[in-house]
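Asks: task: produce atomic coordinates for the following.
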Amino acid sequence: MKAPRNLFLEFHESRCGSDERRFGTGWENLFTEQFAFFLASDLAAATAMARKLVNQNDVEVVAVSTQATFEQGRPDLRLDLLGGATLHIEHKFDSPLEGTQLQRYLGLGKVALVSRRNQTVPLAVLLNRVYARPQNGDFFRWQDVYESLPARQEAPAGFGQLREYFRSYMRELGLAPSSLKSEWRRLFLDRTDKANQAVQKEFGRMLQGVRPALRHLGFLLVTGVSHQGMTAKGKAGLPWRHLIIEPRRVPAEYLDPGATAPFDPGYEALTVAIVFDRIAEQEARSIYEGLPSAFTDPKGSVWYRVRPQTIGGNRIRLSLATPLAPILNIDHDLSERLSSSASAALDVLLKHPDPSDGRP
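Replies: As a prediction, this is how the structure comes out:
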């Protein structure tokens with residue numbers, strides 16, 4: 001079965017992405033527009049978020065708008081509440097607050113700040129009764145927003161998958177809670193940052209034990225990819241272009257039902273993938289059908305198959321994935337465990353029979 005593509009992600013990549021940065025830079029306004037579209041389409045989710053931000057269980061969102069201009073400024077998001085009240089939300093990612101930005105918004109109604117980076121909120125704002133903030137902080141994090149969005153099972157009929165797609169979009173942007181500890185979270189941050197690069201390169205070095213297995217299987221070229229992984233090209237005549245071994249966030253919508261829980265909340269995984277040209281999509285799907293839904297490697301890591309996913313518009317990625325946190329949470333023999341697990345998954349992915357070839 002072919003899953004619908006996540007258009008939140010695809011639209012973002014097409015508008016802002018590049019070869020160097022999958023999601024590009026300067027995408028704050030685009031995210032805000034997509035966020036507003038999602039909330040306007042699912043007012044129950046908007047209501048759940050509003051209740052989290054204002055810490056009241058009796059509010060209800062009746063309308064959502066974005067970038068509305070007032071004399072006091074232009075907050076990123078406006079939620080109209082039942083009874084006439086409003087909640088204005090300012091979105092921040094990597095930039096600081098601008099001057100008296102929040103102070104001016106306080107004249108519009110309730111105000112909340114959601115930020116990825118640390119912010120210094122003026123004392124006058126913190127003491128104002130219409131400023132909404134968490135009990136243990138001066139502003140909300142994007143992880144708080146992610147956690148406030150209700151599960152798909154609680155969605156109105158037909159809207160559960162929309163929630164999953166938007167939550168997946170937030171995870172891919174690094175706006176969801178992470179399963180990883182401390183420095184390992186840098187594996188999924190901007191690879192042009194030197195501190196992130198150091199962690200990513202260290203992870204890549206730990207995967208070097210996979211090289212002998214790749215050479216034994218006859219791969220013609222093995223190169224680094226994005227500091228923390230590797231790519232390899234096989235012999236001519238294979239139905240796929242190359243393989244990739246790397247840490248990656250797994251889209252929940254491409255996992256088999258029941259396989260998502262081990263990856264929650266951050267969906268960070270060690271993945272082994274083969275990449276096909278779009279013309280070979282049927283071969284990718286045939287190989288996927290022949291893979292076990294889950295298996296345990298010799299090191300005890302459980303691997304799950306990931307449905308073929310369109311990437312870059314004209315290629316298909318077929319993956320096996322195992323949750324990364326359980327591997328990284330044990331420090332000893334980390335390099336050997338990573339390489340051994342990846343090699344085992346590689347063996348399953350490349351050698352499992354294609355059900356279309358008539359073999360048992």
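Asks: which of the three states applies to residue 87?
Replies: Classification of residue 87 using DSSP: H, G, I helix; E, B strand; the rest coil returns strand.
Asks: what's around it, how many residues?
Replies: As a burial measure, residue 87 scores 24 neighbours (other Cβ atoms under 10 Å). C-beta here means a position set from N, CA and C on the backbone, and glycine is covered the same way.
Asks: that one against residue 78, yeah?
Replies: Yes - Residue 87 is in contact with residue 78 according to Cβ atoms under 8 Å; the separation is 7.5 Å.
Asks: mind listing what residue 146 touches?
Replies: Counting by Cβ atoms under 8 Å, 6 or more residues apart in numbering, residue 146 makes contact with 167, 170, 171, 175, 176, 177, 265.
Asks: would you mind measuring from the second one to residue 239?
Replies: Spelled out, that is residue 170. 34 Å (Cβ to Cβ, to the nearest Å).
Asks: please identify which of those two sits among more neighbours.
Replies: Per other Cβ under 10 Å, whichever of residue 170 and residue 239 has more neighbours is residue 170, with 19 against 16.
Asks: ok, now which ones touch residue 161?
Replies: Counted by Cβ under 8 Å, 6+ apart, residue 161 has contacts 4, 152, 253.
Asks: in the chain, where is pLDDT below threshold?
Replies: 1-3, 19-20, 155, 221, 224-226, 313, 352-360 (pLDDT under 70).
Asks: of the contacts of residue 146, select the buried ones using a ChimeraX command.
Replies: The following ChimeraX line selects those of the contacts of residue 146 that are buried, judged by 16 or more other Cβ atoms under 10 Å:
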select :167,170,171,175,176
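Asks: which members of the contacts of residue 146 occur in helices, if any?
Replies: Members of these lying in helices (criterion: DSSP state H): 167, 170, 171.
Asks: ok, of those residues, which one's closest to residue 69?
Replies: residue 170 (26.5 Å; Cβ to Cβ).
Asks: so who does that closest one touch?
Replies: So residue 170 contacts 142, 145, 146, 176 (Cβ under 8 Å, 6+ apart).
Asks: surely the second one and residue 175 touch.
Replies: Yes - between residue 145 and residue 175 there is a contact at 7.4 Å, judged by Cβ under 8 Å.
Asks: just to revisit the earlier point, determine which two of the contacts of residue 170 are furthest apart.
Replies: Top of the distance list for the contacts of residue 170 (Cβ to Cβ): 145 and 176, 9.1 Å.
Asks: residues making contact with the longest helix seen in the chain?
Replies: When the chain is scanned for its longest helix (criterion: DSSP H), the result is helix 334-351. Here helix 334-351 makes contact (Cβ under 8 Å, 6+ apart) with 203, 205-210, 213-214, 217, 243, 245, 270, 272-274, 291-292, 295, 297-299, 301, 303, 318, 320, 322, 327-328, 330.
Asks: do stretch 194-210 as well
Replies: Contacts of stretch 194-210 (Cβ under 8 Å, 6+ apart): 183-184, 186-187, 189-191, 224, 226-230, 245, 247, 334-336, 338-340, 342-343, 346.
Asks: and the buried ones among those residues, selectable in ChimeraX?
Replies: To isolate in ChimeraX the members of the contacts of stretch 194-210 that are buried, counting by 16+ other Cβ under 10 Å, one can use:
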select :184,186,187,191,226,227,228,229,230,245,247,338,339,340,342,343,346
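Asks: contacts only, for residue 76.
Replies: By Cβ under 8 Å, 6+ apart, the residues touching residue 76 are 32, 66, 67, 89, 90, 91.
Asks: okay but the second one is in contact with residue 31, surely?
Replies: No - between residue 66 and residue 31 no contact is recorded; they are 10.6 Å apart, counting by Cβ under 8 Å.
Asks: tell me which element the nearest residue to residue 96 once chain neighbours are set aside is part of?
Replies: Leaving out its chain neighbours, the residue that sits closest to residue 96 by Cβ to Cβ, 6 or more residues apart in numbering is residue 119, at 6.5 Å. Using DSSP states H and E, no element contains residue 119; it sits outside every helix and strand.
Asks: burial count for residue 119?
Replies: By other Cβ under 10 Å, 16 other residues sit near residue 119.
Asks: am I right that it is in contact with residue 92?
Replies: Yes - at 6.3 Å, residue 119 and residue 92 qualify as touching, with contact defined as Cβ under 8 Å.
Asks: find residues that contact each of the two.
Replies: Here residue 119 and residue 92 share the contacting residues residue 113, scored by Cβ under 8 Å, 6+ apart.
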